[in-house]
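Colleague: Got a predicted structure plus its sequence, pasted below:
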Amino acid sequence: MNRLLLVVASIGTDAGRVISELVRADMRFVCVPLLVARQLKDDEGNKTSLSDSAMDAIQGDDGFLTASYPDGTRCALSRADLEKVGGGQGFPVAEWPMGRALEIEAKLLDGVLVIALGSNDGRDPLATALKVRNRYLRSMGLASC
């Protein structure tokens, strides 16, 4: 897989709707469902609900990328699903928690594009993303922007 479009968002920013509109507008975009350890709302068709025990089982499995939202809700993306979509003609699109995009960039190394949606709490998503990126780069002994 050499590409991925991440829609990073805070809880309640309706990232699923943005993904649905992208998929509807261009059939090359293919949604990769986010696995979440909670019950889904009716309008969360881009996600798959997992039990806590199922999420425990994939935590630490190299076949999944995992993270948590600020409220503690755990989520994951299947590497196999990403590779299946990205290996064909599709362009995989997935939701991911705000401030966690660097973890995927570090694990996938190339081809990750990020759309940051504004949060309901007034924080600037770009400023948040840059702070996280700079902190990560400094921890690796690299220059920050």
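Modeller: In hand now; what should we look at?
Colleague: Using the three-state scheme, assign Ser53.
Modeller: Put simply, Ser53 is helix when judged by DSSP: H, G, I helix; E, B strand; the rest coil.
Colleague: So what's the residue count around it?
Modeller: Using other C-beta atoms under 10 Å, the number of residues around Ser53 comes to 8. In this view, the C-beta of every residue, glycine as well, is placed from N, C-alpha and C.
Colleague: for it, what are its contacts?
Modeller: By C-beta atoms under 8 Å, 6 or more residues apart in numbering, the contact set of Ser53 is empty.
Colleague: how far away is it from Val18?
Modeller: 31 Å (C-beta to C-beta, to the nearest Å).
Colleague: Equivalent analysis for Leu82, please.
Modeller: 18 Å.
Colleague: Of these two, which one has the most company?
Modeller: Using other C-beta under 10 Å, the more surrounded residue of Leu82 and Val18 is Leu82, with 20 against 17.
Colleague: Tell me which residues touch the more buried one, please.
Modeller: 1, 4, 32, 92, 94.
Colleague: Kindly indicate which of these lies nearest Lys41.
Modeller: Using C-beta to C-beta, Ala94 comes nearest to Lys41 of these, at 17.9 Å.
Colleague: Find the nearest non-adjacent residue to that closest one, please.
Modeller: Spatial nearest neighbour of Ala94, chain neighbours left out: Val32 (4.4 Å); criterion: C-beta to C-beta, 6 or more residues apart in numbering.
Colleague: Thanks a lot, see you next time.
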